[in-house]
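Enquirer: Generate coordinates for the sequence data below:
(chains A and B)
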Amino acid sequence: KAGVTQTPRYLIKTRGQQVTLSCSPISGHRSVSWYQQTPGQGLQFLFEYFSETQRNKGNFPGRFSGRQFSNSRSEMNVSTLELGDSALYLCASSPSHGGTAYEQYFGPGTRLTVT
Amino acid sequence: AQSVTQLDSQVPVFEEAPVELRCNYSSSVSVYLFWYVQYPNQGLQLLLKYLSGSTLVKGINGFEAEFNKSQTSFHLRKPSVHISDTAEYFCAVSDIKGGSEKLVFGKGTKLTVNP
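Expert: Take a look at the predicted model:
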């Protein structure tokens, strides 16, 4: 079974631009979560999607948004990029059926650098 | 809100020596606990998990962890480490709310195995 894939792996953007990152979950997984990893703040939860609906959201500004498609693939978008958005963005998928703990399987991440 | 504390940010150890990476969590409800490993330029890989049952959990690559409810700890151990175990290790607790599950991570412990 193929793992979680994320594209692109590396991205360089300029302040003020916007960016879209893509995540394809493991086949059959319906939950997709996004995390931001920085040296200062560590791993922080951005949001989770399940069956095309945002089920949970972390404490990030509205510039961070996402969506999920009917095939469970997910995208996250960051508008008006700031230097502080430079980070590794990790996507994780889970077979989650809600209300219990499931393993989350992580992709390799997208390294975003904002200059 | 749930939180995780990893007591050591860096742990240097010699090859074939035992190692313990410490993790404490704060929660007043049932918890689900995980240890993940991250190799350079890669995503997170699940080492082991505690959902219920036996408090001693065995994972991949010879790692094990013990869940201690009274001390709210979930320390990771390996009796004999290899150079290839050099990586960053993250302890995480599952926060389930309204059917959605997110992981709350500690700041990570960088394990360096020296020859």
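Enquirer: ok, which residues in chain B are in contact with chain A?
Expert: B:32, B:34, B:36, B:41-46, B:49, B:51, B:90, B:92, B:94, B:96-108 (C-beta under 8 Å from any C-beta of the partner chain). Yep, even glycine has a C-beta here, placed from its N, CA and C like the rest.
Enquirer: Just the ones in helices from those residues, please.
Expert: Nothing among the residues of chain B next to chain A maps onto helices, per DSSP state H.
Enquirer: Need the residue closest to the centroid of chain A.
Expert: Residue closest to the mean C-alpha point of chain A, counted by C-alpha atoms, centre = their mean, is residue A:34 at 3.0 Å.
Enquirer: Write a PyMOL command that selects only the buried members of the residues of chain B next to chain A.
Expert: The PyMOL selection below is limited to those of the residues of chain B next to chain A classed as buried (16 or more other C-beta atoms under 10 Å in any protein chain shown):
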select buried, chain B and resi 32+34+36+43+44+46+49+51+90+92+94+96+100+101+102+103+104+105+106+107+108
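Enquirer: Looking at the residues of chain B next to chain A, which are in strands?
Expert: Members of those lying in strands (criterion: DSSP state E): B:34, B:36, B:44-46, B:49, B:90, B:92, B:94, B:96-97, B:100-105.
Enquirer: what's in contact with the helix or strand of chain B with the lowest mean pLDDT?
Expert: When the helices and strands of chain B are scored by mean pLDDT, DSSP states H and E, strand B:100-105 comes last with a mean of 86. The contact list for strand B:100-105, computed with C-beta atoms under 8 Å, 6 or more residues apart in numbering or on different chains, reads A:31, A:33, A:35, A:42-45, A:48, A:50, A:55-56, A:58, A:92, A:94, A:96, A:98, A:100-102, A:104, B:1-4, B:34, B:36, B:90-95.
Enquirer: got it, and stretch B:15-27?
Expert: B:2-8, B:11, B:13, B:31, B:33, B:35, B:71-83, B:85, B:89, B:91, B:93, B:106, B:109, B:111, B:113-115.
Enquirer: 6 Å instead, please
Expert: Applying C-beta atoms under 6 Å, 6 or more residues apart in numbering or on different chains, the contact partners of stretch B:15-27 are B:2-7, B:13, B:72-81, B:83, B:89, B:91, B:93, B:109, B:113, B:115.
Enquirer: What of stretch A:81-98?
Expert: A:4, A:6, A:13, A:15, A:17, A:21, A:23, A:25-26, A:29, A:31-38, A:78, A:102, A:104-107, A:109-111, A:113-114, B:43, B:99, B:101.
Enquirer: Out of the residues you listed, which end up buried?
Expert: Among these, those that count as buried by neighbour count (16+ other C-beta under 10 Å) are A:4, A:6, A:13, A:21, A:23, A:25-26, A:29, A:31-37, A:78, A:102, A:104-107, A:109-111, A:114, B:43, B:101.
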